[in-house]
Structures are given as C-alpha cells and as structure tokens.
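>>> Everything below, folded, please.
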Amino acid sequence: MNKVMVVDTNILIRLFTKDDDTQILQLVQLMEQGHIVFHVLSIVLIEAYWVLRKAYNFDKETILRVFEDFIEADEVELDEDGLVQRVLARFREVNVDLVDVYLAEKSRNLVLSVLTWNAKDFRKLECEFYRPQDLR
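Okay, the predicted model is just below:
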C-alpha cells in the first residue's frame, strides 16, 4: 500500500540530520516496506534548507547533495518536479538566497515578472523583474 503523504519539514530535518535513531528507523521502514511515498512541496524544501543552514550549520553544498540524493529516491515525489531540479542546479551556480532562485524560476514557468527591491540578486538570476519605482 503506497500511501502518498505530504511531508512536513520536521520529517525531512529528522531524515537529513539523523538526530533520533528511533524516528529515523520508523521512517526508513515505512518507506522501504512501501507503506508511504513522500510528497514534498517546494516550500518545505526551502524551509528545510533554511533550518539546515541556520540551526544545524550545514554548508550549502552538503545540503544540495542531500536534497539531490533524497529527491531521486523512489519513495519521493515533488509537487514541482522539473522546477525543483532547475532551482537546485541554478542555486549551486549563484550566490543568492534559495527562495530568490525559486521565485526567478517560478516566474519563468508562469511567464510573469518578479516585483522586488532586490535588483542586485535578480540581475544575477537573469529573469524579468521590476522594482516598484520602475513601474511609474
């Protein structure tokens, strides 16, 4: 019975940090026995990145490798599959916040511009953006 379930950030943090052996074992057994499939929302990955960087002091490259390995698992599906892969690849290349990379890629998908005061970072992301003062 593969029950697809939306996964909370705390589940991902537990898996990635391996800081509670009992809970890790429960999750791994559920996945390996085919009881659950993790449906991961983009916002949850973004929050997990922030928690791993700020609370656990993981470096950017380590988190990206963990994310990439995780999303390749058969028991994991993403709400924005191709988008997440593009975001992670682009994030590796630029020195801007993960959420800004996500916004730039999402705006391309939606064929919409980004409204921001952060012109410096969005220039690096090569997407269409405007500052409020540009719209007068």
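>>> now Asn10: how far from Gln23?
Distance of Asn10 to Gln23, given as C-beta to C-beta, to the nearest Å: 10 Å. All C-beta spots, glycine's among them, are computed from the backbone N, C-alpha and C.
>>> same deal with Ile11?
Going from Ile11 to Gln23 by C-beta to C-beta gives 9 Å.
>>> Where does pLDDT dip in this protein?
Along the chain, segments meeting pLDDT under 70 span 1.
>>> Report the central residue of it.
A centroid search over the chain (C-alpha atoms, centre = their mean) returns Leu45, at 3.1 Å, as the residue closest to the centre.
>>> ok now do that residue, which residues does it touch?
Going by C-beta atoms under 8 Å, 6 or more residues apart in numbering, Leu45 touches 12, 67, 84.
>>> So which bits of the helix or strand containing it are buried?
Here Leu45, judged by DSSP states H and E, is contained in helix 42-54. Within helix 42-54, the residues scored as buried using 16 or more other C-beta atoms under 10 Å are 42, 44-49, 51-52.
>>> okay if I get the residues you listed as CSV plus distance to Val94?
Listed next are the buried residues of helix 42-54 as CSV, based on distance: C-beta to C-beta, whole Å:
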residue, distance to Val94
Ser42, 18
Val44, 22
Leu45, 17
Ile46, 15
Glu47, 20
Ala48, 19
Tyr49, 14
Val51, 21
Leu52, 19
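>>> closest to Thr116 among those residues?
Using C-beta to C-beta, Ile46 comes nearest to Thr116 of those, at 16.5 Å.
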